[in-house]
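1. Next input, structure requested:
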Amino acid sequence: MAKIQKKQNNSERVLRIPDVAFSNRQGKVQIRFKHGGEDRKLSLNQTIGKRKIDSKTGYIENDPIATQLLLEYRNRFRETYKNFILRGAEPSIEDIKDGIFFRTTSTPIPSLKVAMQDYFDQDYGKDSKKDEKTIEKNGYMMRYVLEWLNDIGKSDISVKSINANHAEQLLNWVMANRSVEKEHSRRSVGFLERALKFSVNNGWIARNPFEYVLMEKKFKRQSKPITKFLTPNEVKAIEQLDNLQPELALIRDYFLFSCYTGMDEITLRVAKKEWLKDKNGQAYIEGFRGKPDGDIHHQFVVPICPKAEKLIEKFTAMSEGDSLLPIMTYNQQINIMLKCIAKMAGVNKPVSFGFGRKTFATTKINDGVRIEIIQLMMGHTSIKTTIGYYAHIDINTVLKEGLTK
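-> Residues are numbered from 1 along each chain as shown. Here you go, the predicted structure:
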(Lines give C-alpha, C1' and ligand atoms only; values in the text may rest on other atoms or scores of the structure.)
Protein backbone atom coordinates (compact mmCIF):
# COMPACT_ATOMS: atom_id res chain seq x y z
CA MET A 1 0.00 0.00 0.00
CA ALA A 2 1.45 3.38 -1.02
CA LYS A 3 1.97 5.77 1.88
CA ILE A 4 3.91 8.89 2.77
CA GLN A 5 4.56 10.64 6.04
CA LYS A 6 3.71 14.30 6.44
CA LYS A 7 4.13 16.50 9.55
CA GLN A 8 1.04 18.26 10.74
CA ASN A 9 0.58 20.13 14.03
CA ASN A 10 3.99 18.86 15.25
CA SER A 11 2.82 15.26 14.88
CA GLU A 12 3.27 12.78 12.09
CA ARG A 13 0.30 12.06 9.91
CA VAL A 14 0.44 9.03 7.65
CA LEU A 15 -1.50 9.29 4.39
CA ARG A 16 -2.72 5.99 3.04
CA ILE A 17 -4.83 4.75 0.18
CA PRO A 18 -8.06 3.83 1.97
CA ASP A 19 -9.80 0.52 1.46
CA VAL A 20 -12.98 0.72 -0.60
CA ALA A 21 -16.24 -1.17 -0.37
CA PHE A 22 -19.27 -1.31 -2.63
CA SER A 23 -22.99 -1.33 -1.92
CA ASN A 24 -26.27 -1.38 -3.80
CA ARG A 25 -28.26 1.68 -2.80
CA GLN A 26 -31.76 1.60 -4.32
CA GLY A 27 -30.45 -0.12 -7.45
CA LYS A 28 -27.37 2.07 -7.92
CA VAL A 29 -23.78 1.24 -7.01
CA GLN A 30 -22.05 3.27 -4.32
CA ILE A 31 -18.37 3.22 -3.39
CA ARG A 32 -17.60 3.66 0.32
CA PHE A 33 -14.31 4.76 1.87
CA LYS A 34 -12.71 6.71 4.71
CA HIS A 35 -11.79 10.31 3.93
CA GLY A 36 -10.53 12.81 6.48
CA GLY A 37 -11.50 10.43 9.26
CA GLU A 38 -15.11 10.24 8.10
CA ASP A 39 -17.09 7.64 6.19
CA ARG A 40 -17.87 8.86 2.69
CA LYS A 41 -20.06 7.51 -0.12
CA LEU A 42 -20.02 8.29 -3.82
CA SER A 43 -22.51 7.16 -6.45
CA LEU A 44 -20.90 5.62 -9.53
CA ASN A 45 -23.92 6.27 -11.79
CA GLN A 46 -24.10 2.52 -12.42
CA THR A 47 -27.56 0.95 -12.22
CA ILE A 48 -27.76 -2.74 -11.31
CA GLY A 49 -31.35 -3.07 -10.10
CA LYS A 50 -31.84 -5.73 -7.42
CA ARG A 51 -28.73 -7.75 -8.28
CA LYS A 52 -26.44 -8.65 -5.42
CA ILE A 53 -22.99 -7.10 -5.18
CA ASP A 54 -20.02 -8.35 -3.17
CA SER A 55 -18.98 -5.41 -0.98
CA LYS A 56 -15.29 -6.36 -0.98
CA THR A 57 -14.61 -7.65 -4.50
CA GLY A 58 -17.22 -5.66 -6.42
CA TYR A 59 -18.53 -8.80 -8.13
CA ILE A 60 -22.05 -8.16 -9.44
CA GLU A 61 -24.28 -11.20 -9.68
CA ASN A 62 -24.82 -12.41 -13.26
CA ASP A 63 -23.20 -9.32 -14.80
CA PRO A 64 -19.51 -9.71 -15.72
CA ILE A 65 -19.54 -6.57 -17.88
CA ALA A 66 -20.78 -4.32 -15.06
CA THR A 67 -18.31 -6.03 -12.70
CA GLN A 68 -15.39 -5.27 -15.03
CA LEU A 69 -16.42 -1.60 -15.21
CA LEU A 70 -16.77 -1.43 -11.43
CA LEU A 71 -13.26 -2.79 -10.91
CA GLU A 72 -11.99 -0.19 -13.37
CA TYR A 73 -13.55 2.53 -11.18
CA ARG A 74 -11.79 1.07 -8.14
CA ASN A 75 -8.44 1.11 -9.94
CA ARG A 76 -8.94 4.76 -10.91
CA PHE A 77 -9.80 5.59 -7.28
CA ARG A 78 -6.58 4.01 -6.04
CA GLU A 79 -4.47 5.61 -8.75
CA THR A 80 -5.89 9.06 -7.93
CA TYR A 81 -5.10 8.64 -4.24
CA LYS A 82 -1.61 7.35 -5.00
CA ASN A 83 -0.76 10.34 -7.22
CA PHE A 84 -1.80 12.81 -4.50
CA ILE A 85 -0.04 10.89 -1.72
CA LEU A 86 3.22 10.90 -3.63
CA ARG A 87 2.97 14.71 -3.64
CA GLY A 88 2.37 14.69 0.11
CA ALA A 89 -1.29 15.66 -0.13
CA GLU A 90 -4.71 14.12 0.30
CA PRO A 91 -7.18 14.47 -2.59
CA SER A 92 -10.43 16.31 -2.07
CA ILE A 93 -13.76 14.65 -2.83
CA GLU A 94 -13.89 16.58 -6.11
CA ASP A 95 -10.39 15.36 -6.96
CA ILE A 96 -11.55 11.80 -6.34
CA LYS A 97 -14.58 12.28 -8.59
CA ASP A 98 -12.36 13.74 -11.31
CA GLY A 99 -10.07 10.73 -11.03
CA ILE A 100 -12.83 8.11 -11.07
CA PHE A 101 -14.73 9.63 -13.99
CA PHE A 102 -11.69 11.07 -15.80
CA ARG A 103 -13.10 14.57 -15.56
CA THR A 104 -10.87 17.43 -16.61
CA THR A 105 -11.17 21.21 -16.38
CA SER A 106 -8.67 21.90 -19.19
CA THR A 107 -11.00 20.71 -21.96
CA PRO A 108 -14.54 22.11 -22.18
CA ILE A 109 -17.05 19.26 -22.15
CA PRO A 110 -19.87 19.75 -24.68
CA SER A 111 -23.41 18.51 -24.41
CA LEU A 112 -24.26 15.24 -26.09
CA LYS A 113 -26.32 17.17 -28.63
CA VAL A 114 -23.30 19.25 -29.66
CA ALA A 115 -20.99 16.22 -29.69
CA MET A 116 -23.35 14.29 -32.00
CA GLN A 117 -23.73 17.25 -34.33
CA ASP A 118 -19.95 17.68 -34.54
CA TYR A 119 -19.58 13.97 -35.29
CA PHE A 120 -22.29 14.09 -37.95
CA ASP A 121 -20.79 17.18 -39.60
CA GLN A 122 -17.38 15.49 -39.74
CA ASP A 123 -18.49 12.11 -41.13
CA TYR A 124 -21.68 12.99 -43.02
CA GLY A 125 -21.40 16.74 -43.67
CA LYS A 126 -21.15 18.59 -46.99
CA ASP A 127 -17.57 17.42 -47.53
CA SER A 128 -18.45 13.78 -46.92
CA LYS A 129 -17.81 11.29 -49.72
CA LYS A 130 -20.52 8.92 -48.46
CA ASP A 131 -23.56 8.31 -50.62
CA GLU A 132 -26.79 10.22 -50.04
CA LYS A 133 -28.67 7.19 -48.73
CA THR A 134 -26.09 6.57 -45.98
CA ILE A 135 -26.12 10.24 -45.00
CA GLU A 136 -29.92 10.27 -44.89
CA LYS A 137 -30.05 7.10 -42.71
CA ASN A 138 -27.58 8.50 -40.18
CA GLY A 139 -29.56 11.73 -40.11
CA TYR A 140 -32.62 9.73 -39.05
CA MET A 141 -30.59 7.92 -36.38
CA MET A 142 -29.35 11.19 -34.89
CA ARG A 143 -32.86 12.63 -34.95
CA TYR A 144 -34.18 9.63 -32.99
CA VAL A 145 -31.48 10.10 -30.34
CA LEU A 146 -32.30 13.82 -30.03
CA GLU A 147 -36.04 13.09 -29.75
CA TRP A 148 -35.30 10.51 -27.04
CA LEU A 149 -33.25 13.07 -25.08
CA ASN A 150 -36.04 15.64 -25.33
CA ASP A 151 -38.65 13.09 -24.26
CA ILE A 152 -36.76 12.13 -21.09
CA GLY A 153 -36.01 15.79 -20.30
CA LYS A 154 -32.26 15.62 -20.86
CA SER A 155 -31.79 17.62 -24.05
CA ASP A 156 -28.78 19.41 -22.56
CA ILE A 157 -27.14 16.39 -20.92
CA SER A 158 -23.35 16.46 -20.96
CA VAL A 159 -21.56 13.85 -23.05
CA LYS A 160 -19.71 12.69 -19.92
CA SER A 161 -23.01 11.89 -18.18
CA ILE A 162 -23.89 9.10 -20.61
CA ASN A 163 -23.45 5.60 -19.18
CA ALA A 164 -23.92 2.01 -20.37
CA ASN A 165 -27.55 1.86 -19.19
CA HIS A 166 -28.57 4.52 -21.71
CA ALA A 167 -27.99 2.04 -24.57
CA GLU A 168 -30.91 -0.17 -23.51
CA GLN A 169 -33.06 2.85 -22.67
CA LEU A 170 -32.57 4.32 -26.14
CA LEU A 171 -33.18 0.94 -27.81
CA ASN A 172 -36.50 0.45 -26.00
CA TRP A 173 -37.62 4.05 -26.56
CA VAL A 174 -37.08 3.95 -30.32
CA MET A 175 -38.95 0.64 -30.60
CA ALA A 176 -41.87 1.91 -28.51
CA ASN A 177 -42.20 5.42 -29.92
CA ARG A 178 -41.14 5.17 -33.55
CA SER A 179 -42.75 1.83 -34.48
CA VAL A 180 -39.57 0.44 -36.00
CA GLU A 181 -38.08 -3.02 -35.81
CA LYS A 182 -35.43 -3.90 -33.25
CA GLU A 183 -32.73 -3.91 -35.92
CA HIS A 184 -33.46 -0.26 -36.77
CA SER A 185 -33.43 0.60 -33.06
CA ARG A 186 -29.98 -0.92 -32.78
CA ARG A 187 -28.77 1.38 -35.52
CA SER A 188 -29.71 4.40 -33.43
CA VAL A 189 -27.70 2.96 -30.53
CA GLY A 190 -24.86 2.32 -32.99
CA PHE A 191 -24.92 5.96 -34.11
CA LEU A 192 -24.73 7.13 -30.49
CA GLU A 193 -21.84 4.72 -29.85
CA ARG A 194 -19.90 6.16 -32.80
CA ALA A 195 -20.56 9.68 -31.53
CA LEU A 196 -19.16 8.62 -28.14
CA LYS A 197 -16.04 7.21 -29.83
CA PHE A 198 -15.71 10.59 -31.55
CA SER A 199 -15.93 12.22 -28.10
CA VAL A 200 -13.13 9.97 -26.81
CA ASN A 201 -10.91 10.97 -29.73
CA ASN A 202 -11.55 14.65 -28.93
CA GLY A 203 -10.63 14.22 -25.25
CA TRP A 204 -14.12 15.02 -23.95
CA ILE A 205 -14.45 11.65 -22.26
CA ALA A 206 -11.77 9.09 -21.40
CA ARG A 207 -13.67 5.95 -22.38
CA ASN A 208 -16.67 5.02 -24.46
CA PRO A 209 -19.36 3.94 -21.93
CA PHE A 210 -20.87 1.68 -24.59
CA GLU A 211 -17.56 -0.15 -25.07
CA TYR A 212 -18.67 -3.32 -23.28
CA VAL A 213 -22.36 -3.17 -24.18
CA LEU A 214 -23.23 -6.42 -25.94
CA MET A 215 -25.93 -5.77 -28.55
CA GLU A 216 -27.33 -9.04 -29.87
CA LYS A 217 -26.86 -9.38 -33.61
CA LYS A 218 -29.50 -10.44 -36.09
CA PHE A 219 -28.00 -13.11 -38.30
CA LYS A 220 -29.70 -14.28 -41.47
CA ARG A 221 -30.56 -17.96 -41.60
CA GLN A 222 -28.08 -19.81 -43.78
CA SER A 223 -28.86 -22.76 -46.04
CA LYS A 224 -25.87 -24.59 -44.59
CA PRO A 225 -24.56 -24.44 -40.99
CA ILE A 226 -21.51 -22.22 -40.57
CA THR A 227 -18.63 -23.73 -38.62
CA LYS A 228 -17.99 -21.48 -35.63
CA PHE A 229 -14.28 -21.11 -34.99
CA LEU A 230 -11.64 -18.45 -34.30
CA THR A 231 -8.75 -17.54 -36.56
CA PRO A 232 -5.17 -17.65 -35.17
CA ASN A 233 -5.18 -13.84 -34.89
CA GLU A 234 -8.44 -13.89 -32.91
CA VAL A 235 -7.07 -16.53 -30.54
CA LYS A 236 -3.94 -14.41 -30.10
CA ALA A 237 -6.02 -11.33 -29.28
CA ILE A 238 -7.77 -13.25 -26.49
CA GLU A 239 -4.44 -14.64 -25.24
CA GLN A 240 -3.02 -11.13 -24.95
CA LEU A 241 -5.81 -9.74 -22.76
CA ASP A 242 -4.45 -8.72 -19.38
CA ASN A 243 -5.71 -7.14 -16.16
CA LEU A 244 -8.83 -9.31 -16.24
CA GLN A 245 -10.68 -9.92 -13.01
CA PRO A 246 -10.04 -13.45 -11.64
CA GLU A 247 -13.37 -14.91 -12.81
CA LEU A 248 -12.90 -13.70 -16.39
CA ALA A 249 -9.23 -14.73 -16.43
CA LEU A 250 -10.12 -18.29 -15.38
CA ILE A 251 -12.84 -18.60 -18.03
CA ARG A 252 -10.47 -17.20 -20.64
CA ASP A 253 -7.86 -19.85 -19.69
CA TYR A 254 -10.50 -22.62 -19.75
CA PHE A 255 -11.54 -21.57 -23.24
CA LEU A 256 -7.96 -21.31 -24.53
CA PHE A 257 -7.23 -24.79 -23.15
CA SER A 258 -10.13 -26.05 -25.26
CA CYS A 259 -8.64 -24.29 -28.30
CA TYR A 260 -5.28 -25.98 -27.63
CA THR A 261 -6.60 -29.50 -26.89
CA GLY A 262 -10.03 -29.80 -28.51
CA MET A 263 -11.60 -30.85 -25.20
CA ASP A 264 -15.20 -29.73 -24.75
CA GLU A 265 -16.59 -28.05 -21.63
CA ILE A 266 -18.03 -31.22 -20.07
CA THR A 267 -14.81 -33.16 -20.60
CA LEU A 268 -12.76 -30.38 -19.04
CA ARG A 269 -14.92 -30.51 -15.92
CA VAL A 270 -14.31 -34.24 -15.39
CA ALA A 271 -10.67 -34.38 -16.58
CA LYS A 272 -8.31 -36.09 -14.11
CA LYS A 273 -4.63 -35.60 -13.45
CA GLU A 274 -4.12 -39.28 -14.21
CA TRP A 275 -5.07 -38.53 -17.82
CA LEU A 276 -1.67 -36.83 -18.23
CA LYS A 277 0.74 -39.21 -19.94
CA ASP A 278 4.27 -39.12 -21.31
CA LYS A 279 5.92 -41.24 -24.00
CA ASN A 280 9.48 -40.70 -25.16
CA GLY A 281 9.42 -37.17 -23.82
CA GLN A 282 6.13 -36.20 -25.52
CA ALA A 283 3.41 -35.24 -23.06
CA TYR A 284 -0.18 -36.02 -24.01
CA ILE A 285 -3.67 -36.39 -22.58
CA GLU A 286 -5.52 -39.70 -22.84
CA GLY A 287 -9.05 -39.74 -21.53
CA PHE A 288 -12.73 -40.14 -22.27
CA ARG A 289 -15.20 -37.58 -23.56
CA GLY A 290 -17.91 -36.45 -21.18
CA LYS A 291 -17.23 -38.80 -18.26
CA PRO A 292 -14.21 -40.72 -16.99
CA ASP A 293 -16.03 -44.09 -17.20
CA GLY A 294 -17.42 -43.41 -20.67
CA ASP A 295 -17.67 -45.76 -23.61
CA ILE A 296 -14.32 -46.80 -25.05
CA HIS A 297 -15.47 -45.51 -28.45
CA HIS A 298 -15.33 -41.98 -27.02
CA GLN A 299 -11.72 -42.25 -25.98
CA PHE A 300 -9.38 -39.52 -27.21
CA VAL A 301 -5.63 -38.92 -27.28
CA VAL A 302 -4.23 -35.43 -27.84
CA PRO A 303 -0.62 -34.16 -27.62
CA ILE A 304 0.04 -31.30 -25.19
CA CYS A 305 1.40 -28.24 -26.98
CA PRO A 306 3.64 -25.72 -25.12
CA LYS A 307 0.77 -23.27 -24.53
CA ALA A 308 -1.44 -26.01 -23.08
CA GLU A 309 1.44 -27.17 -20.89
CA LYS A 310 1.79 -23.69 -19.38
CA LEU A 311 -1.92 -23.63 -18.57
CA ILE A 312 -1.69 -27.07 -16.96
CA GLU A 313 1.08 -25.75 -14.68
CA LYS A 314 -1.15 -22.82 -13.79
CA PHE A 315 -4.19 -25.04 -13.21
CA THR A 316 -2.21 -27.45 -11.01
CA ALA A 317 -1.72 -24.73 -8.40
CA MET A 318 -5.47 -24.01 -8.40
CA SER A 319 -7.10 -27.45 -8.75
CA GLU A 320 -8.09 -29.70 -5.87
CA GLY A 321 -7.85 -33.45 -5.45
CA ASP A 322 -7.39 -35.45 -8.63
CA SER A 323 -9.10 -32.89 -10.90
CA LEU A 324 -6.91 -31.65 -13.74
CA LEU A 325 -8.57 -28.22 -13.81
CA PRO A 326 -10.00 -26.01 -11.05
CA ILE A 327 -13.73 -26.30 -10.46
CA MET A 328 -15.93 -23.68 -12.12
CA THR A 329 -18.60 -22.18 -9.85
CA TYR A 330 -20.44 -20.01 -12.39
CA ASN A 331 -21.33 -22.49 -15.11
CA GLN A 332 -24.52 -20.80 -16.34
CA GLN A 333 -22.78 -17.49 -17.07
CA ILE A 334 -19.75 -18.94 -18.89
CA ASN A 335 -20.94 -18.11 -22.42
CA ILE A 336 -22.06 -14.64 -21.37
CA MET A 337 -18.62 -14.00 -19.90
CA LEU A 338 -16.93 -15.40 -23.01
CA LYS A 339 -18.81 -12.90 -25.16
CA CYS A 340 -17.58 -10.15 -22.83
CA ILE A 341 -14.00 -11.41 -23.19
CA ALA A 342 -14.32 -11.59 -26.98
CA LYS A 343 -15.69 -8.05 -27.06
CA MET A 344 -12.73 -6.77 -25.06
CA ALA A 345 -10.34 -8.57 -27.43
CA GLY A 346 -11.99 -7.03 -30.48
CA VAL A 347 -13.36 -10.37 -31.72
CA ASN A 348 -16.60 -9.63 -33.58
CA LYS A 349 -18.15 -13.09 -33.27
CA PRO A 350 -20.81 -14.52 -30.92
CA VAL A 351 -18.21 -16.62 -29.11
CA SER A 352 -19.38 -19.55 -27.03
CA PHE A 353 -17.41 -22.38 -25.43
CA GLY A 354 -18.09 -24.57 -28.46
CA PHE A 355 -15.84 -22.31 -30.52
CA GLY A 356 -12.80 -23.75 -28.72
CA ARG A 357 -13.23 -27.34 -29.89
CA LYS A 358 -14.00 -26.28 -33.45
CA THR A 359 -11.05 -23.86 -33.46
CA PHE A 360 -8.77 -26.75 -32.49
CA ALA A 361 -10.01 -28.96 -35.35
CA THR A 362 -9.82 -26.16 -37.89
CA THR A 363 -6.29 -25.24 -36.82
CA LYS A 364 -5.11 -28.84 -37.08
CA ILE A 365 -6.61 -29.44 -40.53
CA ASN A 366 -4.96 -26.27 -41.82
CA ASP A 367 -1.66 -27.33 -40.25
CA GLY A 368 -1.75 -30.42 -42.46
CA VAL A 369 -2.71 -33.00 -39.81
CA ARG A 370 -4.52 -35.97 -41.38
CA ILE A 371 -8.25 -36.08 -40.77
CA GLU A 372 -7.98 -39.59 -39.24
CA ILE A 373 -5.59 -38.24 -36.58
CA ILE A 374 -7.90 -35.32 -35.83
CA GLN A 375 -10.76 -37.79 -35.42
CA LEU A 376 -8.77 -39.69 -32.77
CA MET A 377 -7.72 -36.49 -30.96
CA MET A 378 -11.33 -35.33 -30.77
CA GLY A 379 -12.85 -38.68 -29.83
CA HIS A 380 -15.28 -38.83 -32.76
CA THR A 381 -16.86 -42.22 -33.50
CA SER A 382 -17.38 -41.24 -37.14
CA ILE A 383 -14.91 -39.48 -39.41
CA LYS A 384 -17.90 -37.85 -41.15
CA THR A 385 -18.45 -35.77 -38.03
CA THR A 386 -14.88 -34.49 -38.18
CA ILE A 387 -15.06 -33.74 -41.90
CA GLY A 388 -18.53 -32.28 -42.14
CA TYR A 389 -18.87 -30.27 -38.96
CA TYR A 390 -15.47 -29.29 -37.61
CA ALA A 391 -13.04 -29.05 -40.47
CA HIS A 392 -13.00 -25.64 -42.16
CA ILE A 393 -10.13 -25.59 -44.64
CA ASP A 394 -8.49 -22.22 -45.18
CA ILE A 395 -8.14 -21.06 -48.80
CA ASN A 396 -4.36 -20.67 -48.33
CA THR A 397 -4.13 -24.36 -47.42
CA VAL A 398 -6.12 -25.30 -50.52
CA LEU A 399 -3.81 -23.29 -52.79
CA LYS A 400 -0.67 -24.65 -51.12
CA GLU A 401 -1.79 -28.27 -51.36
CA GLY A 402 -3.02 -27.80 -54.90
CA LEU A 403 0.34 -26.50 -56.07
CA THR A 404 2.50 -29.12 -54.32
CA LYS A 405 0.52 -32.30 -54.91
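
2. Pairing partners for the longest strand seen in the chain, with directions?
-> Secondary structure of the chain per DSSP state E: the longest strand is strand 38-47. Paired strands of strand 38-47, with direction, are strand 28-35 (antiparallel) (DSSP bridges).

3. Enumerate the positions of the strand it pairs with that are buried.
-> Across strand 28-35, burial judged by 16 or more other C-beta atoms under 10 Å covers 29, 30, 31, 32, 33. For every residue, glycine as well, the C-beta is placed using N, CA and C.

4. Now for those residues: which two are most distant?
-> Farthest-apart pair in the buried residues of strand 28-35 is 29 and 33; separation 13.5 Å (C-beta to C-beta).

5. Low-confidence regions, the stretch 151-300 of the chain specifically.
-> Confidence mapping of the stretch 151-300 of the chain against pLDDT under 70 gives the ranges 178-184, 212-227, 290-297.

6. now the strands: where do they sit in it?
-> With DSSP state E, counting those that start in this stretch, the ranges of strands along the stretch 151-300 of the chain come out as 276-279, 282-288, 299-303.

7. nearest to residue 270, of those strands?
-> That would be strand 282-288 among the strands of the stretch 151-300 of the chain, by C-beta to C-beta, at 8.4 Å.

8. Let me know the closest of the buried residues of strand 28-35 to residue 138.
-> Relative to residue 138, the closest of the buried residues of strand 28-35 is residue 29; by C-beta to C-beta it sits at 33.6 Å.

9. What separation do you get for that closest one and residue 203?
-> Distance, residue 29 to residue 203, using C-beta to C-beta, to the nearest Å: 26 Å.

10. tell me the contacts of residue 315?
-> Contact analysis of residue 315 by C-beta atoms under 8 Å, 6 or more residues apart in numbering lists 253, 257, 324, 325, 326.

11. Report the two of the residues you listed separated the most.
-> 253 and 324 (12.7 Å).

12. Pull the contacting residues for residue 123.
-> 130, 138, 194.

13. now residue 177
-> Contact partners of residue 177, counting by C-beta under 8 Å, 6+ apart, are 147, 148, 151.

14. Of the residues you listed - the most surrounded one?
-> Of all those, the most densely surrounded is residue 148 (22 neighbours; neighbours counted as other C-beta atoms under 10 Å).

15. nearest residue to it other than its sequence neighbours?
-> Using C-beta to C-beta, 6 or more residues apart in numbering and skipping residues adjacent in sequence, the residue nearest residue 148 is residue 173, 4.8 Å away.

16. so the one you found touches residue 146, yeah?
-> No. Residue 173 sits out of contact with residue 146 when judged by C-beta atoms under 8 Å, with a separation of 11.8 Å.

17. Who has more neighbours out of these two?
-> For residue 173 versus residue 146, the count of surrounding residues by other C-beta under 10 Å is larger for residue 173: 20 against 15.

18. before we move on, the earlier item: and which of the buried residues of strand 28-35 is nearest residue 113?
-> Distance to residue 113, by C-beta to C-beta, is smallest for residue 29 among the buried residues of strand 28-35, at 27.3 Å.

19. Run through the bridge partners of that closest one.
-> On the basis of DSSP bridges, residue 29 is bridged to residue 24.

20. What are the neighbouring residues in contact with it?
-> Contacts of residue 29 by C-beta under 8 Å, 6+ apart are 22, 23, 43, 44, 46, 47, 48, 53, 60, 70.

21. pLDDT check: weakest of those?
-> Ranked by pLDDT, the contacts of residue 29 bottom out at residue 46 (72).

22. quick one: that residue and residue 246, what's the gap?
-> Distance from residue 46 to residue 246, counting by C-beta to C-beta: 20 Å.

23. Now do the next helix or strand after the longest strand of the chain against strand 38-47, angle only.
-> Per DSSP states H and E, the first helix or strand lying C-terminal to strand 38-47 is helix 64-85. Inter-element angle recorded for helix 64-85 and strand 38-47: 140 degrees (by axes from the mean of the first three to the mean of the last three C-alpha atoms, to 10 degrees).

24. chain center to helix 64-85: distance?
-> 17 Å (C-alpha atoms, centre = their mean, to the nearest Å).

25. Appreciated, that's everything.
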